[in-house]
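Chemist: I would like to see how this sequence folds:
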Amino acid sequence: MSKRTNRIYYLLLVFVISSLGVLFVLKALEDNIIFFYTPTELLDPKINTEKKIRIGGMVKENSILKLDNLKITFIVTDLENDTPVSYKGILPDLFREGQGVVAEGKFANGFFLADKIIAKHDENYMPYEIFEKK
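Modeler: Here you go, the predicted structure:
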């Protein structure tokens, strides 16, 4: 075989091995992907709510109910639809009514059982240490 044919076979082999490597990496990451939905998007029957997902929106006013020291229920709203959330654990400092929130977990018995709560802040948020320096 000529050098040109050898190079073509070599490049083809490198391409096939690289493609397989990328395929294996994507397949491994597929189970670790967590999708983000709003309460309105959760009404779509195509969404698999049995897997771990994230829901986001605002904490509805007058919806926070503390059941004991670490257990809390509240409602996440996108101002069109609501999703009840149950969480057991320590809440972030920025968590409060009317504030943006992202909850990660699964649905069970009509409630979204959150494993993790992430409080969101608006674009004007500034840490106290930086604000103090201004």
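Chemist: quick check: bridge partners of the residue sitting nearest the centre point of the chain?
Modeler: By Cα atoms, centre = their mean, the chain has its centre lying nearest to R54, at 3.6 Å. R54 forms beta bridges with F36, E104, as assigned by DSSP bridges.
Chemist: which residues sit in contact with it?
Modeler: For R54, the contacting residues are I34, F35, F36, Y37, V102, A103, E104, by Cβ atoms under 8 Å, 6 or more residues apart in numbering. Every C-beta, even on glycine, is put in place using the N, C-alpha and C of the backbone.
Chemist: highest neighbour count among those residues?
Modeler: A103 (23 neighbours; other Cβ atoms under 10 Å).
Chemist: that one reaches V85, doesn't it?
Modeler: Yes: if you go by Cβ atoms under 8 Å, A103 and V85 touch, sitting 5.2 Å apart.
Chemist: which residues do the two both contact?
Modeler: Contacts common to A103 and V85, judged by Cβ under 8 Å, 6+ apart, are I55, V76, F112, A114.
Chemist: tell me the contacts of the nearest residue to the second one once chain neighbours are set aside?
Modeler: Of all residues beyond its chain neighbours, the one nearest V76 is G57 (4.4 Å), with distances taken as Cβ to Cβ, 6 or more residues apart in numbering. With contact taken as Cβ under 8 Å, 6+ apart, G57 is in contact with T38, P39, V76, T77, D78, L79, T83, G100, V101.
Chemist: try it again with 6 Å
Modeler: Listed by Cβ atoms under 6 Å, 6 or more residues apart in numbering, the contact partners of G57 are T38, P39, V76, T77, D78.
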